[in-house]
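> A structural model of the following input is requested.
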Amino acid sequence: MEDTGEFEIQKIGENDFHVLKNLGKGTYGQVVMAREKKTGKIVALKMVKKDRTNLKVFLHELCVSIYLSSYEGIIFTYAAFMDSVDYYVLTQDLAPAGSLCSLIQPGVGIPEVMVKRCALQLTRALEYMHSKALVHRDVKPDNVLLMDKECHHIKLSDFGMTQIAGTLVSSMSPVIPYMSPELCKLKCNETIVLDSSVDLWAFGVLLYVAFTGSFPWRTAMEDDQLFQKFIYWQKNFDQVPPPRHWTELNKKAQGLFHSLLSQDPKSRNPISTVLNHLEFPWGEEDIPEETFEIVIQEDDVEMKDYENKVIIIEGEEELIVVENHGDIECIILNDESFSSSSNSTMLLFMDNSSLTLGSEVEII
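All right, here's what the predicted structure looks like:
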């Protein structure tokens, strides 16, 4: 028996479990599904390679995991560990639906309602950790475990990098999209004082990835063009349009991400800010109901370049105004002038290359 001062950790043996199948494998080890022979309970065994860590580091993760286990939004870890020839092993409740990472479709994400369920539960789990002066430091979809495929019940996991706020931390390798700018720019032998703002940043990136199915950038560094476009937009939020890959979010949702992903750690809003943004839609606003859609068919107008091109109608008087709508150019007209036109209204416009934002084209 080993005593941590707050709880006792029991040492168990390999023969106490029957391994059923592999759940995942990584650089530091693997996770397997196993049945405890004594009770018949199905659990997850996290097996950490001894050549990738040491006993002190492993016991730190184990103790933090046990300490946080009382909270329902954090995966339960048993006060026991196994010391095999090649692995240190801890035992956790099984998450039957896998991880959030496995649920996110590349380029698509997951439904907005599910993103918001995750946002609510992760906000509370991180608030709980931060109230204990603990910073997770590795918030990402891989470390969000699902008790069901609809995200009604999820649990935060993997506390191998968790440290107390105020600890001096150094650079980490490799640099990943979830890392905040202040961590990304650390040089060898440099340190920063750890605080919860690094979790806020990672949480913002996680929500973006879950919503869109894509990373907002490769790294939050100056040489990453996507990141630089985001920073420029952030500094001129009301003056310039958002970068193309942020247009899936509406203005209010964009504001939420700006508050979580502030370049200045001290300016990042509290994580509870997310709770104020769950009641309204995050997706791009729908086209108003009074607008019309017209598809120009090849046999209607002799113009092959415009086959199946959708023209969205809204605007004023009897002029078509070209505006930007995401990645396409829209030609716009109000429904009063549209309805006053004949049934065979023809849209007269020039080659697409001559259409610029704000240009007007007469309808006949």
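> and Lys229, which of the three is it?
Going by DSSP: H, G, I helix; E, B strand; the rest coil, the secondary structure assigned to Lys229 is helix.
> OK, contacts around it?
By C-beta atoms under 8 Å, 6 or more residues apart in numbering, the contact list for Lys229 reads Pro243. Using the backbone N, CA and C atoms, a C-beta is placed for each residue, glycine as well.
> Do a quick rundown of the helices in the stretch 101-250 of the chain.
112-131, 181-184, 197-212, 225-235 (DSSP state H, counting those that start in this stretch).
> what packs against the longest one?
With contacts defined as 3 or more C-beta pairs under 8 Å, 6 or more residues apart in numbering; DSSP states H and E, the secondary structure elements packing on helix 112-131 are strand 154-156, helix 197-212.
> ok, 10 Å please
The criterion is 3 or more C-beta pairs under 10 Å, 6 or more residues apart in numbering; DSSP states H and E, and the helices and strands that helix 112-131 contacts are helix 55-68, helix 100-103, strand 134-135, strand 144-146, strand 154-156, helix 197-212.
> ok, and which of the helices of the stretch 101-250 of the chain has the densest surroundings?
Per-stretch averages of neighbours, counted by mean count of other C-beta atoms under 10 Å, single out helix 197-212 among the helices of the stretch 101-250 of the chain, with a mean of 24.
> Quick one: work out the angle between that helix and helix 112-131.
With axes from the mean of the first three to the mean of the last three C-alpha atoms, to 10 degrees applied, the angle from helix 197-212 to helix 112-131 works out at 170 degrees.
> Now helix 197-212: average pLDDT?
Mean pLDDT, taken over the full extent of helix 197-212, equals 98.
> Quick test: name the residue nearest the centre of the chain.
A centroid search over the chain (C-alpha atoms, centre = their mean) returns Leu206, at 2.2 Å, as the residue closest to the centre.
> Could you report the separation of that one from Ile271?
Distance, Leu206 to Ile271, by C-beta to C-beta, to the nearest Å: 12 Å.
> I'd like to know how many residues surround Glu8.
Summarising burial for Glu8: neighbours were counted as other C-beta atoms under 10 Å, giving 12.
> ignore the last one, Val240
For Val240, the number of neighbouring residues by other C-beta under 10 Å comes to 12.
> Can you lay out the helices and strands packed on helix 112-131 as a markdown table showing distance to Glu127?
Listed next are the helices and strands packed on helix 112-131 as a markdown table, based on distance: least, C-beta to C-beta, whole Å:
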| stretch | distance to Glu127 |
| --- | --- |
| helix 55-68 | 12 |
| helix 100-103 | 18 |
| strand 134-135 | 11 |
| strand 144-146 | 15 |
| strand 154-156 | 11 |
| helix 197-212 | 10 |
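> Which one, of those, ends up nearest to Gln121?
Across the helices and strands packed on helix 112-131, the minimum distance to Gln121, taken as C-beta to C-beta, is reached by strand 154-156, at 5.2 Å.
> any idea of the mean pLDDT for the closest one?
Taken as a whole, strand 154-156 has a mean pLDDT of 98.
> any residues in contact with both of Leu206 and Ile271?
Each of 119, 122, 199, 260 lies in contact with both Leu206 and Ile271 under the rule C-beta atoms under 10 Å, 6 or more residues apart in numbering.
> List just the nearest of those residues to Asn143.
The shortest gap between Asn143 and any of the shared contacts of Leu206 and Ile271 belongs to Leu122, at 10.1 Å (C-beta to C-beta).
> Return the residues in contact with that closest one.
Shown in contact with Leu122 (C-beta under 10 Å, 6+ apart): 73, 100, 139, 144, 154-156, 199, 203, 206-207, 210, 271, 274.
> List just the nearest of these to Trp282.
Distance from Trp282 was checked for each of the contacts of Leu122 by C-beta to C-beta. The minimum falls on Leu207, at 9.0 Å.
> any idea how far Thr53 is from the nearest residue to that closest one once chain neighbours are set aside?
What sits nearest to Leu207 in space, not counting adjacent residues and going by C-beta to C-beta, 6 or more residues apart in numbering, is Ala119, at 5.9 Å. Computed as C-beta to C-beta, the Ala119 to Thr53 distance reads 32 Å.
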